[in-house]
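**Student:** please find the sequence and the predicted model below.
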Amino acid sequence: MTAPLRVLLEDLHVFLPETFLSQSASIGEDVIHVNDQEGFGEGDFIVIEPNTDVEEYNTIIDLGSLILKNKLKYNHARLASVKRVK
């Protein structure tokens, strides 16, 4: 019996700028506050907490922190990683 194939997120996407949550974000919110918005813009596809049990993808629809297209599905602690995905 062969072991199941495991594909890591890093193998599928190229991560670009990274920032971190400056405050916690809760399920149902559609705005996240980050330490640095540089390198992020409207229409960018992002991942929050990649390679964790609470990994989730979203799209930025506006700046002023990061305003998201969809409400969060998970709670995320302060300093959680936010990365732009290509």
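**Tutor:** Everything's here; your move.
**Student:** what segments of this protein are strands?
**Tutor:** For the chain, the strands defined by DSSP state E occupy 15-20, 31-32, 45-48, 56-63, 66-68, 81-85.
**Student:** so which of these is nearest E38?
**Tutor:** E38 lies closest, by Cβ to Cβ, to one member of the strands of the chain: strand 15-20, at 6.9 Å. C-beta coordinates here come from the backbone N, C-alpha and C atoms, glycine included.
**Student:** how many neighbours does P50 have?
**Tutor:** Counted by other Cβ atoms under 10 Å, the residues lying close to P50 total 20.
**Student:** if you could redo that for N35, that was the one I meant.
**Tutor:** 14.
**Student:** my read: it touches F20, true?
**Tutor:** Yes: in terms of Cβ atoms under 8 Å, N35 counts as a neighbour of F20; the distance is 5.1 Å.
**Student:** show residues contacting stretch 76-86.
**Tutor:** 13-25, 32, 34, 39-40, 44-50, 54, 57, 66 (Cβ atoms under 8 Å, 6 or more residues apart in numbering).
**Student:** give the buried subset of the residues you listed as a PyMOL selection command.
**Tutor:** In PyMOL, this line selects whichever of these come out buried by 16 or more other Cβ atoms under 10 Å:
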select buried, resi 13+18+19+21+25+32+34+40+44+46+47+48+49+50+66
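**Student:** tell me the bridge partners for V82.
**Tutor:** Beta-bridge partners for V82, by DSSP bridges, are T19, I48.
**Student:** that one and N35, how far apart?
**Tutor:** Separation of V82 from N35 (Cβ to Cβ, to the nearest Å) stands at 9 Å.
**Student:** quickly list what's touching both of those two.
**Tutor:** Common contacts of V82 and N35, defined by Cβ under 8 Å, 6+ apart, comprise T19, F20, L21.
**Student:** nearest to N75 among the residues you listed?
**Tutor:** L21 (10.8 Å).
**Student:** who's in contact with the closest one?
**Tutor:** I32, H33, V34, N35, I48, H76, A77, R78, L79, A80, V82.
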